[in-house]
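1. any chance you can model this:
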Amino acid sequence: MDLVLTAGLGYGPEQLRIFLTSLHQVAPEAVPVVLGGRALRARRSALRAFHPRTEVALVPDEGWRDFYTTRREWRLGPFKFSYRSLARQMRARASRRPLPPEGALPPNLTATLHICVARFLWYREQLRDAYPGAERVLLSDARDVCFQRNPWEGNAAGLLCGLENISYHEEPSNREWITTSYSPEELEPLLSLPIVCSGVVLGCRAEALTYLEGMEEEIRQCFADIGGQVGIDQGLHNRLLRRRHAGLATFEPVGGPVIANLSCVPDEDLRLDPESGVLGRDGEPVAIVHQYDRLPRLVDWVNRRWPPAG
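-> Now for the predicted structure:
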């Protein structure tokens, strides 16, 4: 079985339409499992119109908002929060309630962890317990991902992650995620290296479980420091794969055949064919296009390729 795990808390079917529709076109037998609340599960039939094998795994805290939002403030009921103040509150709450080094996890992780971090703990639970027959696994963002061909075809066993087109030395947010979670000493060996994106991880079952177990260890170690910060999962991901589990994953540079991380790719460097889509260095369509919403020219192409029904 090919299993796709993604997080959909705060999303409706429209935010998942392109992800699921494009996946169905290239991998109709894959099983996409979306982590969501009761509201999303109630609309499972709408999701299955995009990919008939879609499942919704119920996770707590269904009121959590879209963790990809770029707005600095938003409304939750009658209250208005800024991102910075909310993050401070959640970090403070985390420091008062440290995660034990072993044993049961809190039932409502998003009380103290942002969904971008908590999702890895749920991914591990789903892969280990709910889908023991899954042989190949994709852990993926959803809202800004589309598929141009089957990502598993032609790939060797192991774990594959895509690189960003930028190094730690050039990107302050990623540097802060490392120093917040660990220390400046942990950052020093990474400064000249390209950043490994945490949004798409592709692999076989054994390696994916090893990776998710490692992410849980990183989360437990840093729990009191990371709080509700968005994006900080990438710091944990890079420290795990660059330092503690070096050699577990293969890193594919931008322009490779499987994963295109486009956050830091200038529009003039984008190879976009009107018929085939985003092309790699080999002139063939890249299997997984991530962060397509950063480039207006590509957004237009994606919306033409997968238009809304009706």
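
2. list the buried residues for stretch 289-308?
-> Residues of stretch 289-308 classed as buried by neighbour count (16 or more other CB atoms under 10 Å): 289-295, 298, 301-302, 306. (C-beta placed from N, C-alpha, C; glycine too.)

3. go on, stretch 18-30?
-> 18-27, 30.

4. low-confidence ranges, this protein, go.
-> Along the chain, segments meeting pLDDT under 70 span 60-112, 156, 224, 227-228, 310.

5. quick check: longest strand of it.
-> strand 194-204 (DSSP state E).

6. pull up the pairing partners for it, direction included.
-> Strand 194-204 pairs in its sheet with strand 136-140 (antiparallel), strand 159-167 (antiparallel), by DSSP bridges.

7. I'd like those as TSV, with mean neighbour count appended.
-> Listed next are the strands paired with strand 194-204 as TSV, based on neighbours: other CB atoms under 10 Å:
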stretch	mean neighbour count
strand 136-140	24
strand 159-167	21
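
8. turn those into JSON lines, columns for distance to residue 280.
-> JSON lines is the format used below for the strands paired with strand 194-204 (distance: least, CB to CB, whole Å):
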{"stretch": "strand 136-140", "distance to residue 280": "18"}
{"stretch": "strand 159-167", "distance to residue 280": "11"}
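
9. those strands: which one's closest to residue 12?
-> Comparison of the strands paired with strand 194-204 against residue 12 by CB to CB identifies strand 136-140 as nearest, at 18.2 Å.

10. so how far is that closest one from its chain's centroid?
-> 10 Å (CA atoms, centre = their mean, to the nearest Å).

11. next one: stretch 253-272
-> On CA atoms, centre = their mean, the centre of stretch 253-272 falls 17 Å from the chain's centre.

12. same question for stretch 151-158.
-> Computed by CA atoms, centre = their mean, the chain-centroid distance of stretch 151-158 equals 19 Å.

13. using PDB, list the CA coordinates for that stretch.
-> What follows is stretch 151-158, C-alpha atoms only, in PDB (Å, rounded to 0.1, in the frame of the first residue of the first chain):
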ATOM      1  CA  PRO A 151       6.400  10.100  -6.700                       C
ATOM      2  CA  TRP A 152       7.200   6.500  -5.900                       C
ATOM      3  CA  GLU A 153       7.900   5.300  -9.500                       C
ATOM      4  CA  GLY A 154      11.600   4.800 -10.100                       C
ATOM      5  CA  ASN A 155      12.700   5.700  -6.500                       C
ATOM      6  CA  ALA A 156      15.000   3.400  -4.600                       C
ATOM      7  CA  ALA A 157      14.300   2.300  -1.000                       C
ATOM      8  CA  GLY A 158      15.100   4.800   1.700                       C
END
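
14. my read: residue 151 touches residue 203, true?
-> No. Under the criterion of CB atoms under 8 Å, residue 151 makes no contact with residue 203, lying 10.5 Å away.

15. tell me which of the buried residues of stretch 289-308 is nearest to residue 11?
-> residue 293 (14.1 Å).

16. so what's that closest one closest to, chain neighbours aside?
-> residue 144 (4.7 Å; CB to CB, 6 or more residues apart in numbering).

17. residues near the one you found, how many?
-> Using other CB atoms under 10 Å, residue 144 is surrounded by 20 other residues.

18. what's stretch 12-32 in contact with?
-> Identification of contacts with stretch 12-32 by CB atoms under 8 Å, 6 or more residues apart in numbering yields 1-4, 6, 8, 34, 40, 43, 46-47, 49-55, 66, 131, 134, 138, 140, 142-143, 145-152, 287, 302, 305-306, 308.

19. now, of those residues, which are buried?
-> 2-4, 6, 8, 34, 40, 47, 50-51, 53-55, 66, 131, 134, 138, 140, 142-143, 145-152, 287, 302, 306.

20. now do stretch 183-201: distance to the chain's middle.
-> The answer for stretch 183-201 is 16 Å, by CA atoms, centre = their mean.

21. distance check, the nearest residue to residue 226 once chain neighbours are set aside against residue 12.
-> Excluding the flanking residues, the one nearest residue 226 by CB to CB, 6+ apart is residue 232, at 5.0 Å. Residue 232 sits at a distance of 26 Å from residue 12 (criterion: CB to CB, to the nearest Å).
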